[in-house]
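> next input, structure requested:
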Amino acid sequence: MKIRIILYKNYMEKERNLDELRAYNKSLEQSPNYQRIIKDVDKEIYTIIAFEGIKDLEQYLANGGEDETTWLEGWDNDDLQTVTERKSDKIKKAKFLLEEDKPEEATDLFMQLGSCHRFWALKKQILKEKYDITWYSPSELNPEIKYD
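Just a heads-up that it's a prediction; the model follows:
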């Protein structure tokens, strides 16, 4: 019985702390200072993610697509050429969008399951390093939810 009470108290303490962090984040995100900088922060994040995607695809192409040979077994050379061309086209399109100052659209080319975690990590890092703002991601504020 004593263990249950201790566990319940620990659970309630954790919930209270999460509620405080959620309230903090909400007031932060509504603050004029945050509203003033967040568009620039998001643009920087999108630019970073787009350049990472471009780098990954360029590395893939430089390696001749060797990292995908296991799931491409049985494909003929025409199929492999098509995959290579699509990836090359994606690089060209992303670079064009970045030149046109459209990093969010460029980033959309590389988004996949789990990308939100990279976005949140960059957001947390940039807000802290450049603006000395402590921000908590949705996954930190809602540990019971699995985000993809």
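
> the chain: helices as residue ranges?
2-30, 32-62, 69-72, 77-99, 103-108, 115-131, 138-141 (DSSP state H).

> let's have the ones you listed in TSV, adding distance to residue 148.
From N, CA and C alone the C-beta is placed, and that goes for glycine too. Formatted as TSV, the entries for the helices of the chain read as follows, by distance: least, CB to CB, whole Å:
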stretch	distance to residue 148
helix 2-30	21
helix 32-62	16
helix 69-72	21
helix 77-99	21
helix 103-108	16
helix 115-131	7
helix 138-141	10
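
> and those helices, which one is worst for confidence?
Looking at the helices of the chain, the lowest mean pLDDT belongs to helix 69-72 (a mean of 50).

> who's in contact with the closest residue to residue 135 other than its chain neighbours?
Distances taken as CB to CB, 6 or more residues apart in numbering put residue 127 closest to residue 135, at 4.7 Å, once the chain neighbours are dropped. Under the criterion of CB atoms under 8 Å, 6 or more residues apart in numbering, the contact list for residue 127 reads 41, 133-135.

> and the furthest pair within those residues?
Largest separation among the contacts of residue 127 by CB to CB: 41 and 134, giving 13.8 Å.

> of these two, give the one with the bigger neighbour count.
Neighbour comparison, residue 41 and residue 134: the larger count goes to residue 41, with 18 against 12 (by other CB atoms under 10 Å).

> check contacts around that one.
With contact set as CB under 8 Å, 6+ apart, residue 41 has these partners: 123, 126-127, 130-131.

> in PyMOL, how would I select just the buried ones from those?
With 16 or more other CB atoms under 10 Å as the criterion, this PyMOL line picks the buried residues out of the contacts of residue 41:
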select buried, resi 123+126+127
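
> distance to residue 82 added to the contacts of residue 41, as TSV?
Output for the contacts of residue 41, formatted as TSV (distance: CB to CB, whole Å):
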residue	distance to residue 82
123	36
126	37
127	41
130	42
131	45
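
> which among the contacts of residue 41 gets closest to residue 36?
Using CB to CB, residue 131 comes nearest to residue 36 of the contacts of residue 41, at 10.1 Å.

> so the closest one makes contact with residue 40?
No: with contacts counted by CB atoms under 8 Å, residue 131 stays clear of residue 40, the gap being 10.0 Å.
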